[in-house]
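In: The following block contains a protein sequence and its predicted model.
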Amino acid sequence: MQRGIEKKIPVGIEKFEKIRTEGFYYIDKTAFIHELLYSWGEVNLFTRPRRFGKTLNMDMLKTFFEIGTDASLFAGLAIAEEQELCRKYMGQFPVVFLSLKSIEGADFESAKKKLSIILRKEVRRFQFLLESEQLSQIDKESLRPFYQQDISEVKQQECLMILSEMLYKHYGKRTIILLDEYDVPLEKAYQNGYYEEMSAHIRSMFEMALKTNEYLYFAVITGCLRISKESIFTGLNNFKVHTLADVQYDEYFGFTDAEVRKLLEDYGLSDKFSEVKEWYNGYRFGQENIYCPWDVLNYVSDHLSDPDGEPELYWANSSGNAAVRDIIEHSGSTVKRQLEILVSGESIEQEIIPEMTYHDLDTEDNNGRIRYLWSLLYNTGYLTSVNTGTDRWKKLKIPNQEVEVIFEQQIFRWFEKVIKSNTERLKRFADAIKCGDAKTMEDCLNTFLRESISVRDSAARKGKKESFYHGILLGMLSGINEWIIRSNAETGNGYSDILVELPEEKTGCIFELKYAETGLLDTACDKALKQAENKNYTEKLKQDGMKTIHVYAIACRLKESRIKYKRY
């Protein structure tokens, strides 16, 4: 493949210096520094979904501001053109940087030990303070507890405040504090049952570091959620929050359309732009349409070695958010009806709660719980807003093909549980398949469709609709033990939708699905039967020794199906 450049793709690289010195491709986000300095806030919170470049941006800030930085790292980048700004701010401040993304544990004690490790690692970067002539012996003694194996709970809460004071005494300059993924410890605590303890611990640490700290120059905090001030940021003044809806900073987290076009062009993948846009674009930050950088970089990396490879669920397999999946799985009929609308490509209008706590998800008020669910889905990247502005009421939709697949998989998992819970009906369906009873199969399928989420007819491409019913049928068949089930199996002169073998009965089944766009179910069934015959779909089953072969043509539309049958 012809490429314009040979820089490496920085998949998972979150260190700015490493990207700039070891030959990695970098999409310039340094204008973020200018925006931050000239739109001042003493404490600045940025909320964005996981995998949208928050940690790399924070490390870029650390590299720019920290005393002793290498100015050549920024050569050729946007910020280097602002010479007066660089003279005044580059390399002029002590910087404390903590990423809290790894703070988790089965209980509060385990999580505190993780936090102890993170704090101790950062304090060790400043060991020179123990030899500083600007610090008294008492000052130096105040630092020693932070070098111990386990930092006590009280000392953890004091750590950032004391460290910034000692840095001020050494340098004579106030400290910049950077806190990345601040809400991860709270999410993990919620999942494992120690939310109250962790939120109180984080609140105390933040109060000391950000509220009453005269040695603080400014702070930047990132996370997915805007946790309520009353819960975490109690009493903070000059506290600026920049959410997904804000126009300011909208292009600094994630990739813009122009940036993705340039990236693909640089690696000879311009012809993949429409595919990348369909799968990984669609997030609305302020007034920008944003791509998930984790997805785009992984896609480019994979397609340099396999240009014909299929798009994959990169973000879905790395984003976590177990709380989201759990809430969807246990949601009631109201939420499932709205998911039906979303999966079919339409939007829903919901109120987005600007501040929340994880306890809000446990409220006994069902309407309130649903409002918080949509807010969580919006802030964590599972949904995006169609309309711009900061109004609480937003029209929400699924942003792209990748997230659509996530929702469909979740729906199918829910559907499989519904099916498997009704063993009597499932046995009736299985017996009908074995003996060629198309009428009973049709009755069972229609009953399942009425109880499931279906693809609405007003949206969604035909191929997508057929795939949805394909998934529903697979979910039903998966509940039947000891059957060999293959999806999109190669056989004869093509690929059958679903191929099933019943080894003990020497019976094979072919399921060919069609979506009846015009509502003519019988016509769609006839087309499916003809396709199975013309393409010799029975060939594979004959080769495997099946003595009886059933071909089922299934036509679906909304919550109605028709099944026609032929026996070989």
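Out: Structure's in. What do you need? Note that the structure is a prediction, hence the values are computed from the model and not measured.
In: where in the chain is pLDDT low?
Out: 1-5, 229-230, 318-331, 361-366, 368, 388-391, 453-463 (pLDDT under 70).
In: Can you spell out the domain ranges of it, please?
Out: 28-224, 322-403, 422-567 (automatic domain parsing).
In: nearest to Asp306, of those?
Out: Nearest to Asp306, of all those, is domain 322-403, at 18.1 Å by Cβ to Cβ. In this view, the C-beta of every residue, glycine as well, is placed from N, C-alpha and C.
In: so how far is that closest one from its chain's centroid?
Out: Mean-position distance between domain 322-403 and its chain equals 14 Å (Cα atoms, centre = their mean, to the nearest Å).
In: Please confirm that Tyr382 is located within a strand.
Out: No: counting by DSSP: H, G, I helix; E, B strand; the rest coil, Tyr382 is located in no strand; its state is coil.
In: Quick check: it vs His34, distance?
Out: Counting by Cβ to Cβ, to the nearest Å, the gap from Tyr382 to His34 is 32 Å.
In: ok, Lys65 - contacts?
Out: Careful, residue 65 is Phe; it's not Lys. 89-93, 95, 176 (Cβ atoms under 8 Å, 6 or more residues apart in numbering).
In: cutoff 6 Å now
Out: Phe65 makes contact with 93, 95, 176, according to Cβ atoms under 6 Å, 6 or more residues apart in numbering.
In: Among these, which ones are in helices?
Out: Per DSSP state H, helices hold no members of the contacts of Phe65.
In: re earlier: including distance to Ile13, could the domains of the chain go into a markdown table?
Out: Formatted as a markdown table, these follow (distance: least, Cβ to Cβ, whole Å):
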| stretch | distance to Ile13 |
| --- | --- |
| domain 28-224 | 8 |
| domain 322-403 | 21 |
| domain 422-567 | 35 |
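In: still on that earlier bit, and of the contacts of Phe65, the nearest to Asp360?
Out: Closest approach to Asp360 among the contacts of Phe65 (Cβ to Cβ): Ile176, at 31.8 Å.
In: Give me the neighbour count for that closest one.
Out: Using other Cβ atoms under 10 Å, Ile176 has 24 other residues around it.
In: can you check the one 4 residues further on too?
Out: Counted by other Cβ under 10 Å, the residues lying close to Asp180 total 23.
In: The residue nearest to it when sequence neighbours are not counted - how many residues pack around it?
Out: Distances taken as Cβ to Cβ, 6 or more residues apart in numbering put Ser99 closest to Asp180, at 4.1 Å, once the chain neighbours are dropped. Residues near Ser99, counting by other Cβ under 10 Å, number 20.
In: just to revisit the earlier point, next, check the contacts of Phe65 against the strands and list the overlap.
Out: 95, 176 (DSSP state E).
In: Now render the contacts of Phe65 as CSV, adding distance to Thr507.
Out: Formatted as CSV, these follow (distance: Cβ to Cβ, whole Å):
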residue, distance to Thr507
Phe93, 75
Val95, 69
Ile176, 71
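In: And what about Cys556, helix, strand or coil?
Out: Once three-state DSSP is applied, Cys556 turns out strand.
In: For the nearest residue to it once chain neighbours are set aside, what is the enclosing helix or strand?
Out: In space, and not counting its chain neighbours, Cys556 is closest to Tyr469: 4.4 Å by Cβ to Cβ, 6+ apart. Assigned by DSSP states H and E, Tyr469 belongs to helix 462-478.
In: Asn44 now?
Out: Counting by DSSP H and E, the element that carries Asn44 is strand 43-47.
In: can you check Glu442 too?
Out: Per DSSP H and E: helix 438-451 holds Glu442.
In: C-alpha coordinates for that helix, CSV please?
Out: Taking Å, rounded to 0.1, in the frame of the first residue of the first chain, the C-alpha atoms of helix 438-451 are listed here in CSV:
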residue,chain,number,x,y,z
ALA,A,438,-44.2,-24.5,10.3
LYS,A,439,-47.6,-23.3,11.7
THR,A,440,-46.6,-23.9,15.3
MET,A,441,-43.2,-22.3,14.7
GLU,A,442,-44.9,-19.3,13.3
ASP,A,443,-47.2,-19.0,16.3
CYS,A,444,-44.2,-19.3,18.7
LEU,A,445,-42.1,-16.7,16.7
ASN,A,446,-45.0,-14.2,16.6
THR,A,447,-45.5,-14.5,20.3
PHE,A,448,-41.8,-13.9,20.9
LEU,A,449,-41.8,-10.9,18.6
ARG,A,450,-44.8,-9.3,20.4
GLU,A,451,-42.8,-9.6,23.6
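In: about what we covered before: do you know which of the domains of the chain lies nearest Leu269?
Out: Per Cβ to Cβ, nearest to Leu269 of the domains of the chain: domain 322-403, 17.5 Å.
In: Okay, buried residues for the top helix by length along the chain please.
Out: Secondary structure of the chain per DSSP H: the longest helix is helix 401-421. Neighbour-count burial for helix 401-421 flags 401-408, 410-412, 414-416, 419 (criterion: 16 or more other Cβ atoms under 10 Å).
In: what's the angle from it to helix 462-478?
Out: Inter-element angle recorded for helix 401-421 and helix 462-478: 30 degrees (by axes from the mean of the first three to the mean of the last three Cα atoms, to 10 degrees).
In: Number of residues surrounding Leu297?
Out: Considering only other Cβ under 10 Å, Leu297 is surrounded by 23 other residues.
In: what comes into contact with the helix or strand hosting it?
Out: Counting by DSSP H and E, the element that carries Leu297 is helix 293-305. With contact meaning Cβ under 6 Å, 6+ apart, helix 293-305 is reached by 9, 11, 51, 53, 254-255, 260, 267, 269, 276, 280, 309, 314-315.
In: from the chain's centre, how far out does stretch 519-526 sit?
Out: Counting by Cα atoms, centre = their mean, stretch 519-526 is centred 39 Å from the centre of its parent chain.
In: Buried residues, the helix holding Glu442. List them.
Out: Quick answer for helix 438-451 (16+ other Cβ under 10 Å): 438, 440-446, 448-449.
In: just checking, what packs against it?
Out: Packing partners of helix 438-451 (3 or more Cβ pairs under 6 Å, 6 or more residues apart in numbering; DSSP states H and E): helix 423-435, strand 560-567.
In: how about the ones you listed in CSV, adding mean neighbour count and distance to Ser228?
Out: CSV is the format used below for the helices and strands packed on helix 438-451 (neighbours: other Cβ atoms under 10 Å; distance: least, Cβ to Cβ, whole Å):
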stretch, mean neighbour count, distance to Ser228
helix 423-435, 16, 45
strand 560-567, 18, 46
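In: Can you tell me which of those is nearest to Arg337?
Out: For these, the distance to Arg337 is smallest for strand 560-567, at 17.7 Å, taking Cβ to Cβ.
In: That closest one versus helix 438-451: what angle between them?
Out: Going by the same axes, to 10 degrees, strand 560-567 makes 150 degrees with helix 438-451.
In: Which residues does strand 560-567 contact?
Out: If you take Cβ under 6 Å, 6+ apart as the criterion, strand 560-567 is touched by 436, 438, 441-442, 445-446, 521, 525, 529, 550-555.
In: Please apply the same query to stretch 383-400.
Out: Stretch 383-400 is touched from outside by 245, 279-284, 287, 342, 347-352, 377, 404, with contacts defined as Cβ under 6 Å, 6+ apart.
In: For that stretch, buried residues please.
Out: Going by neighbour count (16+ other Cβ under 10 Å), the buried part of stretch 383-400 is 383-385, 394, 396-400.
In: Just checking: what are the partner strands of the regular element (helix or strand) spanning Tyr217?
Out: Using DSSP H and E, Tyr217 maps to strand 216-223. Here strand 216-223 is paired, per DSSP bridges, with strand 43-47 (parallel), strand 175-180 (parallel).
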